[in-house]
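J.: mind folding the following:
(2 chains)
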Amino acid sequence: MSTRNYWKRMSHQRLTRRTLLRASARAGVGATGLALVGCGDDDDDDAQQTVVQAQPQEQQEEQPQPAAEQPQQQQQQQQAMQQQQAEQQAEQQAEQVEQQEQQAQQGTVEAIERQEAQQDVEAAEPEIDLEATLNLATGRYTSGLDGQRSGSQTNYVNSSTVFDSAMNNHPETAALEPNLVESVELIDPTNLIFHVAQGINFHNGTPYTAHDLQFNWERVSSAAEYHQGGETSDHPNGWGSARQTFGTENFSSYSLIDDYSIAVETPAPNASLVASITGGAVVQHSKEYVETNGDAHVDTVHAVGTGPFVFEEHIQDVGFRYSRYEGYHKGRDALAGPRLAWYQDLYVELRPEPLAQIAGIEAGEMDAAYNLPTDVVAPYDGDPNFKVLYGPSGNPTHNIMFNTHDAVDEVDGVPNPFLDIRVREAANIAINREAIIEGLLTGVEEPSYGVYKGTIGFPGDALRSRRHPYDPERAKQLLAEAGYPDGIDVDLHIVTDFQVIVPTMALIVQQDLEAVGIRTTIIEYLSSEYFAEVRTFSKPGMFYFFSNASAEPESVIGAEISETGFYSVSVYPETEIHELYLAQKQAMVPAERADLIEQLYTLFYDNYSWLFLTEISAASITAANINWPVGAAELRGEGTLSKIQKLKTA
Amino acid sequence: MQFISLVLIRLIQTIFVIWVVVSIVFVVARIFGNPEAALLPPFDTTEADYEKVRERLGIDKPLYTQYGIFLSDAVQGDLGYSFIRAGAAIDIVADKILPTVKLTAAGLVVAIGLGIPLGILAALTRGSAYDWLARLIAVFGQATPSFWLGLMLIFFLAVRVDWFPTAGAEGFRALVLPAVSLGLLSAAGFMRLTRSGMIDVMNTDFIRTARAKGLNERTVIVRHALRHAMIPVATILGLELGTLIAGSVIIEVVFSWPGLGRLMIESILKDDFPTVQAGVAVIALSIAMGNLLVDISYRFIDPRIQAAEL
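T.: Presented below is the predicted three-dimensional model:
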C-alpha cells in the first residue's frame, strides 16, 4: 500500500456520528444524547444524517409517556426502565447506525480504496505507450529482405515483422493454430484442402488469397513456371531458395479450388507436411508484388507482406525501420503468433558487439537486445534498470551422438563399443548434468531429453521422470560388465564456432567421462567442415550435436533419429525407433501422431541412444520499462516482437 | 622523368602484390571454406539442396577451373557476385570504402595530432616529469587492445556521461570514440618515433649552427629539427596506414560502424568468397597506394632525396 493511500484511509477513520452515538449510550445520556447527536453537525454527508435523525425521532414518539399519577417509586422504576430501554434503544440505534455507516462508509472506503489501488497499480505499472518507438538492438547479420532466399535465411527480423507464416504454433503446446490459413481439411491421408482466411490484406492493400499461398510454395521450390525464382530470376546473384523442400516438391499434384482454397495431393501420407509448408520457413509474399517487381527488388528495395509491421526502410549494415500495420488481422489478445503491435514504430539496429548492445540500453538509445550469450547479461540480472530474460537458444538442446554405423573400427579392427547399451548407459550416467547447469549454465536449464521440449508431442513430465541419474560408480561397473574394465579410448568430434559454449562443454564432458574410464580425444572442426563431416558417418567415436528450435519435430527426428536421417550418426536397427518414426510420419491425426512421437522420444531416451547433455539458454535484456512476454514454445525472440510493450516513463 | 618511371614501376608492383594476395585468399578460402553451409541452415537441408547451391555459386567445379574463370573475369574488372548479398562484390565493397576512409582518416588525425606534438614536447623536455608522462601514455597506448579501449570509452564517455553515442555513424560525435580507439595505438608509435628523432636531430651540428646563427628556438625546432625528424615518421606513416585499416576491422564491430572492416568480418564468417576477395584487393591497393604516396612525400620533406634512392 502506498503512503498516500494509508493517510487517506486514516482520514476516513476519524470520529463520526457512530462513535458519538456509542459513547452517548454508554454514558446513559439516552434520548437526549440521541437528540443531541441527531442535531449535531458532523462531517458526514447529509443523506446519512437525515436517516440517522429520523430514526430517533420516531422511536421517541413511540415511547410510552410517563404517567403523573404513578407512584414516584414506580416512576423512578419506570424512569430507570425507560432509561434502560433508552440506553438499549440507543445502543441498538448506535449499532444500526454503525452498521449502516459501516456499510455506507465501507462502500465509500472501498470505492476510494479501489480507486487508489487502481492509481497505485497505474503508478506501479505505467500506461503502455501505444505511440512509442521500440529500439531493438540485434547482432544478427542481415543480407536482404527476402526471407525465402538462400542467404537471407538468417534474416529472422524481417521475416517475422513484415511477413507472416501461413499458420502459427500454440505458445505452450506448439500445436498448429490458424493464421493466414484458417483450416486444413483432411480428405484422406494423401489429400488435403487448405482454406485461406478471407479479409486479410497485404500492406499494399491487395488481398491475401490461395493464389499467394500456391505462389509461395512454388517459389521456395523454385518452380520454373514462374518468371521469378529458379533459373529465370532477375536477382543479380541468381535466386536460390533457402528451403527447397518446403514447397511443391512435396506434392504429387495441387490445384486451386477457388480464390480461398487449394487442394494438395501428396505421394504418401506426410504428417509433418502441414507444419513444414505453413511455418516460418515459407514466409508469405504477395504473388502480384513479386511478379511485378522481381526478386531483386523484393530482396533489396522493398518488402510487402501481411505481417504486423510495415517495412519502411533498410540501411544496409545499419538497421531497419518499420511501422505498425494498423490493419493487422489479429488483435492484441491473439492466442498465438504475431498480433497488432503494442507500439507504433520499430527500429532494429545492427550492433554486432553484445556489450555495445547493452551499452545502448544503458545509455537510453536502445530498449532491448536479444539472443545474447548468457554470461554477457549475467551482471545485469537483478539490476533494477534492466530486465533479463533467459530463453532457449537457437539450438536449444545439446547432445553427443555415438557413431553406431560400423560394427568394428575399420582402422583398428576393434569392436564398436557403442553398440553395447551398457557402454552408452555408462556414458550417460557419467555426466553430472546438474553440476553443468548450476556451474556452467544459468541454473534455469533442464537436462536434455533429445529434442527440445517446445516441439509437438514432447511428453513433458513423462519423459522428465525417466531422467538418467549421475552415478559414476555404476558407470564404471557397467563398463566392466560390457568387457571394458580398463575403460575405452574414443574420439570426441566437436564444432568450435557454432555455439560459443561447445568447447567448454566438451571439456567438462571429457572430464566426467574420463572419471569413469571413457577417455576421449577432442577433435575440433569449424562449422564449415563439421556438418559435412558428420554426414559421412565415416569417423568412429562421438559427435557433438544439437537439436533445433523448430516446433515441428520432423527436422530433428527425421534428420537425426530416423535410420535414414541426414545426420543420424546413432542408428539402432534392432530397436523399434525407426518403425515408430515411420508410423508417426503417416499418422495424420494430430493426437495419434503425438502419441507415437511420445513413444519414439521415450524409447530413444531409454535406449541411451545419445549422450544426452543439457539445454542451452540464450538471453535477452531490456530496459526496465519494457515488457517482453515470451511463451515456452515461442523459441525465437523475433517471433514475439509484436508482443513487446513499452511503458510510459515519468 | 625518373620520378614518373618510379611511379609506374610502383604501380606495376602494386598490381602484382594485389594479384598475389587475392590469389592466396582465393585458394585458402576454397580449401577451408564451405559457403553452402553458410547459405543454408544446417538442419532441414538435404544433400540435394547443397548440390544446387554449389552449382549456382560455381563452386562445384575443380579449383583450377574456378581460378581460371576468376582471373579472366578479374582482368575485366569483374570480381564476381556476392554469395550472400544482392550485388556485385566490388560494388558492395565500394559502398563501404567511404565510411572506412572516414574512420581511418579520423584515426590518423588522432594519431598524428596526438603523437607528433607529444613526441616533440617529450624530446624538448627530455628527462622531465612531462617526458616521463608522455612515455607512459605511449606505453599505455601501445599496450592497450583497441577493442578494450573502445569498450571502456563507450562505458565512461557514452554511457556514464553521455557525451557521445554508444554506436553508429551518424554525425561528428559518433566519429570521436572510434577514431580515438583506433588512433591511440598509432599515436603511441608516432610519439615515440618523433621523440627519438627529435632527440637525435637536436644534438646534430647543423642545429648547433642554427642556434649559433642566432635563430630563435622556435625557428630552430620547426624549420630545421622537425623537418629532419619527420623522415622516419613519414616512413612509419605508410605502415601505420595498414595498422589503422587492420584495426578498423575490430573497431567497426565494437562501434557498429558500417564500414569495410565489418563487411570483411561478416563475409569471412559466411564464406562469401567474392566479397572477401574484392575487399582484400581494395585493402591491399589502399595500403600499396598509401606507401607510394609516402615515398613520394620524401621528395617534399627532403629535396635531397632522389627518386633512385626510394
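J.: from now on I want contacts and neighbour counts done on CA atoms only, so please keep to that.
T.: OK.
J.: any idea how far the spatially most central residue of chain B lies from residue A:525?
T.: Centroid-nearest residue in chain B, with C-alpha atoms, centre = their mean: residue B:245, separated by 2.2 Å. Distance, residue B:245 to residue A:525, by C-alpha to C-alpha, to the nearest Å: 29 Å.
J.: one more: residue B:139?
T.: 38 Å.
J.: coming back round to it: so what's the residue nearest to the centre of chain B up against?
T.: B:100, B:104, B:261, B:283 (C-alpha atoms under 8 Å, 6 or more residues apart in numbering or on different chains).
J.: from those, pick the one nearest residue A:287.
T.: residue B:261 (37.6 Å; C-alpha to C-alpha).
J.: secondary structure element holding that closest one?
T.: Assigned by DSSP states H and E, residue B:261 falls within helix B:260-269.
J.: average pLDDT across that helix?
T.: The pLDDT scores in helix B:260-269 average 89.
J.: now do the strands in the stretch 301-450 of chain A.
T.: Under the criterion DSSP state E, counting those that start in this stretch, strands of the stretch 301-450 of chain A are mapped to A:309-315, A:319-324, A:345-350, A:368-372, A:386-402.
J.: what is the last one packed up against?
T.: This means strand A:386-402. strand A:542-546, strand A:610-623 (3 or more C-alpha pairs under 8 Å, 6 or more residues apart in numbering or on different chains; DSSP states H and E).
J.: got the angle for that strand vs strand A:542-546?
T.: Between strand A:386-402 and strand A:542-546, the angle comes out at 150 degrees (axes from the mean of the first three to the mean of the last three C-alpha atoms, to 10 degrees).
J.: now strand A:386-402 and strand A:610-623, what's the angle there?
T.: Using the same axes, to 10 degrees: strand A:386-402 against strand A:610-623 is 160 degrees.
J.: what about the contacts of residue B:245, which are in helices?
T.: Counting by DSSP state H, those place B:100, B:104, B:261, B:283 in helices.
J.: wait, a helix at residue B:292?
T.: Yes: under DSSP: H, G, I helix; E, B strand; the rest coil, residue B:292 sits within a helix.
J.: any stretches of the chain with poor pLDDT?
T.: I went with chain A, as the question did not name one. A:1-125, A:152-155, A:224, A:229-231, A:410, A:630-638, A:650 (pLDDT under 70).
J.: you answered for a different chain; I wanted chain B.
T.: Flagging of chain B using pLDDT under 70 yields the residue ranges B:1, B:41-44, B:302-310.
J.: switch to 80 and redo it
T.: Applying pLDDT under 80 to chain B flags residues B:1-3, B:6, B:32-50, B:52, B:56, B:231-232, B:235, B:238-239, B:295-310.
J.: for burial, what's the neighbour tally of the residue lying closest to residue A:330 once chain neighbours are set aside?
T.: Excluding the flanking residues, the one nearest residue A:330 by C-alpha to C-alpha, 6 or more residues apart in numbering or on different chains is residue A:339, at 5.1 Å. By other C-alpha atoms under 10 Å in any protein chain shown, 22 other residues sit near residue A:339.
J.: helix or strand for residue A:474, which one?
T.: helix A:472-481.
J.: buried sites along the helix or strand that that helix is followed by?
T.: As assigned by DSSP H and E, the chain's next helix or strand after helix A:472-481 is strand A:488-495. By neighbour count on 16 or more other C-alpha atoms under 10 Å in any protein chain shown, the buried set for strand A:488-495 is A:488, A:490, A:492, A:493, A:494, A:495.
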